[in-house]
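K.L.:
take this sequence and fold it.
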Amino acid sequence: MKNQQQQSSGNTNAAQIRKKLLNNQQVLSESQKNEIKKAFDYFDTAGSGTIEATNLKVVLRALGFDPTQEEIGKLIKDLGKGDVKYDAQRIDFQEFLEIMMVKMSQKDSLDDIKKAFNLFKDSNNQKKIITFDSLKKVIQDLDEDMTDQQILQLLKGAQSNTNELKEMDKDGKKEKKQPEDEYKIEVSEDQFIKILTRDLNDDKKKL
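P.N.:
Okay, here's the model as predicted:
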């Protein structure tokens, strides 16, 4: 029960940081729209203003994305949510633009998270890790109102598969853990990305 509460707290804190760091609303430039339109028109062989949904994966790959079949199914399903008359067999250009904005936003968000990791990581340590102290400093710089315990829970949330901290005495026996040992927690780049992207798609669904 305690672990579930800690995970829930970590997720909430991650959402706070993610909201502060990421801009999830993608704005396409005219050149990007033109590139997307060219790819769309290439597969609109009948000139109907639509493409077959079965071609969606190929079009996205032509534009530099490599979605799984499961992702394709979800993208198409999201387009028609709430519309019982929606034709899932064909996609018009406006719908395709919506899909592209989702895919490009996901890519940009991941890039931003990696930049954030470099901002958060401990500059005094050669390893690519985030420590409690380095994360606390950046959170203060962001004017984010988080207690030490909330910051700790955020780091613990990222360490879902990390072994318990262990301190050994000189005889190799496990010492009794001191309260301050909790704050020696370290998080890798992969763990940081995992916690900040865990609910990213859920955030987009609420927009």
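
K.L.:
C-alpha only now, for contacts and for neighbours.
P.N.:
Noted.

K.L.:
the longest helix that the chain contains - what's its average pLDDT?
P.N.:
Counting residues, the longest helix found in the chain (DSSP state H) is helix 93-120. On average, the pLDDT along helix 93-120 is 76.

K.L.:
before we move on, what about stretch 132-152?
P.N.:
Average pLDDT, stretch 132-152: 77.

K.L.:
next one: stretch 194-201
P.N.:
59.

K.L.:
for stretch 38-52, same thing?
P.N.:
For stretch 38-52, the mean confidence score works out to 92.

K.L.:
how about whichever strand or helix holds Gly157: buried residues?
P.N.:
Here Gly157, judged by DSSP states H and E, is contained in helix 148-158. Neighbour-count burial for helix 148-158 flags Gln150, Ile151, Leu152, Gln153, Leu154, Leu155, Lys156, Gly157, Ala158 (criterion: 16 or more other Cα atoms under 10 Å).

K.L.:
thinking again about what came up before, for the longest helix of the chain, packing partners?
P.N.:
helix 2-21, helix 30-43, helix 132-141, helix 189-197 (3 or more Cα pairs under 8 Å, 6 or more residues apart in numbering; DSSP states H and E).

K.L.:
that helix vs helix 30-43, what angle?
P.N.:
If you take axes from the mean of the first three to the mean of the last three Cα atoms, to 10 degrees, helix 93-120 sits at 130 degrees to helix 30-43.

K.L.:
thinking again about what came up before, quick one, the helix holding Gly157 and helix 132-141 angle?
P.N.:
Using the same axes, to 10 degrees: helix 148-158 against helix 132-141 is 120 degrees.
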